[in-house]
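1. Need a 3D model of the sequence below.
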Amino acid sequence: MAPDGNPKFVLPGQMEKILFALSKYYEHKKSATLQRIVVNATYHLDEGSTYDNWNGGTYGHALHLHVPTAVYYEVLDDVEKAAGQIREGIAKIANVDNEFVDKVTIELQDNPDLQDWREKSGVLFVGPSASAVSEDRVSHLWEPGFLRVFLSHTSEHKKEAGDLKGSLVYLGASGFVAHEDIHPTKEWQDEIELALFSMEVMVPLLTEGFKESNWTDQEVGVAIGRGIPVVPVKLDKDPYGFIGKYQAVAGYGKTPKVLAGNLMDVFLGKPSLKEQSIQSLVRRFEEAENFDHANALMDWLEKIEVASPNITERLEKTPESNRQVAGAFRVQGRLPSLLRRLKGEK
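-> Sure thing, here's the model as predicted:
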């Protein structure tokens, strides 16, 4: 016992000699992997990490072996087994009264290659991650609280994209149209990237020239890479390549209003988009612009099968906060029934 009352350990000072002997032992046993671990490891001991009062007090030390990546990969599939074998080997060699190594861990050494390892891997998609895009940076691109729909289109069809955007926002979906939504003083490529990495669904408008455009193909690629739902609209071009695996919505000859309704039906039917689509419809209902708008949205709200208490509460309060909703005849006649159904009341 040391003068300060703490135990004075002997085994830590013998660790280098023990590991040397263990290396020779593994060489003799032809246990090449275990020898490489012992030889290449740096280590530290948690001294006296356990204590047992048997035989006047017995202390256990925890040995942490830090090994290079190449050595670590040799035992990665069974690293605990290798650590246990080394602990047993030390027990055979070490001979210190009332002290032993009761735990061994094998860990990766600090690796200088960790810096920028994602970029160096060669498979990192360069661009802002979805989690890195703050709401402040994208608030000017999307209607607050609405489903975020990126409309990928060729420059020749920006009018059709703009018309569809207007019809989508009527139902609570905020569309992004590159040639319409980017202010001339903004860096247009940066703005498109912000929209791509904050969108919730991609709608490619498949027209002649879509496949040949470098930009539209890259936009779809971002959606696929992010795992974002893709809902193609077939205008005068069939889905192709990666887009071909998605069910397309027929768009040729349809008015923007009808096409927007078709898309909203698809959004509501996709599990990954359903909740946000419902939130968006309710938000639009809360902001209905006139009686006709409120009546039209009532038709859509009745498609909701299940809703959270928050949704039903918002629907219930909307007539109190929006006179256009309160005065809409379809809302007056059908909202109470919808609320009873969503609450599970008869």
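2. For residue 82, give me phi and psi.
-> Dihedral pair for residue 82: phi -60, psi -40, per degrees, to the nearest 10.
3. Touching, it and residue 106? I think so.
-> Yes. Between residue 82 and residue 106 a contact is recorded at 6.1 Å, counting by CB atoms under 8 Å. The way it works is simple: take the backbone N, C-alpha and C, and place the C-beta from them, glycine included.
4. what's the overlap in contacts for these two?
-> Any residue near both residue 82 and residue 106 by CB atoms under 8 Å, 6 or more residues apart in numbering counts here, and that gives 37, 75.
5. could you pull out the helices for the stretch 51-200 of the chain?
-> Under the criterion DSSP state H, counting those that start in this stretch, the stretch 51-200 of the chain contains helices at 69-75, 79-93, 117-120, 135-138, 158-170, 178-181, 188-196.
6. Could you say which one of these comes nearest to residue 14?
-> helix 79-93 (9.5 Å; CB to CB).
7. And the contacts of the closest one?
-> Defining contact as CB under 8 Å, 6+ apart, one finds that helix 79-93 is touched by 18, 21-22, 25-26, 31, 33-34, 37-38, 63, 65, 72, 75, 100-106.
8. Buried residues in stretch 309-325, which are they?
-> 311-312, 314-315, 318-319, 322, 324-325 (16 or more other CB atoms under 10 Å).
9. In CSV, list the C-alpha atoms belonging to that stretch.
-> Presented in CSV, the C-alpha positions along stretch 309-325 are these (Å, rounded to 0.1, in the frame of the first residue of the first chain):
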residue,chain,number,x,y,z
PRO,A,309,-55.2,14.1,-32.6
ASN,A,310,-53.2,17.1,-33.7
ILE,A,311,-54.7,17.0,-37.2
THR,A,312,-58.3,16.5,-35.9
GLU,A,313,-57.8,19.4,-33.5
ARG,A,314,-56.6,21.7,-36.3
LEU,A,315,-59.5,20.7,-38.5
GLU,A,316,-61.9,21.4,-35.7
LYS,A,317,-60.5,24.8,-35.0
THR,A,318,-60.2,26.0,-38.7
PRO,A,319,-63.7,27.3,-39.1
GLU,A,320,-63.1,29.5,-36.0
SER,A,321,-60.0,31.1,-37.5
ASN,A,322,-61.0,31.3,-41.2
ARG,A,323,-64.3,32.8,-42.2
GLN,A,324,-64.0,31.4,-45.8
VAL,A,325,-64.0,27.9,-44.3
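10. Just the C-alpha atoms of the one helix or strand residue 221 maps to, please, in PDB.
-> Using DSSP states H and E, residue 221 maps to helix 214-226. Taking C-alpha atoms only, helix 214-226 is exported to PDB below (Å, rounded to 0.1, in the frame of the first residue of the first chain):
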ATOM      1  CA  ASN A 214     -27.600  17.100 -68.400                       C
ATOM      2  CA  TRP A 215     -29.300  19.000 -65.700                       C
ATOM      3  CA  THR A 216     -32.600  17.000 -65.500                       C
ATOM      4  CA  ASP A 217     -30.700  13.700 -65.400                       C
ATOM      5  CA  GLN A 218     -28.500  15.000 -62.600                       C
ATOM      6  CA  GLU A 219     -31.600  16.200 -60.700                       C
ATOM      7  CA  VAL A 220     -33.200  12.800 -60.800                       C
ATOM      8  CA  GLY A 221     -29.900  11.300 -59.800                       C
ATOM      9  CA  VAL A 222     -29.900  13.400 -56.600                       C
ATOM     10  CA  ALA A 223     -33.400  12.200 -55.800                       C
ATOM     11  CA  ILE A 224     -32.500   8.500 -56.300                       C
ATOM     12  CA  GLY A 225     -29.200   9.000 -54.300                       C
ATOM     13  CA  ARG A 226     -31.100  10.600 -51.400                       C
END
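11. Give the buried residues for it.
-> So helix 214-226, judged by 16+ other CB under 10 Å, has buried residues 216-217, 219-220, 222-223.
12. The next helix-or-strand element following that helix pairs with which strands, and in what direction?
-> If you walk from helix 214-226 toward the C-terminus, the next helix or strand you reach (DSSP H and E) is strand 233-234. With DSSP bridges as the test, strand 233-234 is paired with strand 201-206 (parallel), strand 249-250 (parallel).
13. Distance from the chain centre to the longest one, please.
-> Averaging C-alpha coordinates over strand 201-206 and over its chain gives two centres that are 21 Å apart (CA atoms, centre = their mean, to the nearest Å).
14. quick check: angle from that strand to helix 214-226?
-> If you take axes from the mean of the first three to the mean of the last three CA atoms, to 10 degrees, strand 201-206 sits at 150 degrees to helix 214-226.
15. I'd like the helices of the stretch 51-200 of the chain as TSV, with mean neighbour count, mean pLDDT and distance to residue 338 appended.
-> Formatted as TSV, those follow (neighbours: other CB atoms under 10 Å; pLDDT from 0 to 100; distance: least, CB to CB, whole Å):
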stretch	mean neighbour count	mean pLDDT	distance to residue 338
helix 69-75	15	86	59
helix 79-93	16	94	57
helix 117-120	10	55	48
helix 135-138	12	80	31
helix 158-170	19	93	20
helix 178-181	17	63	34
helix 188-196	18	83	34
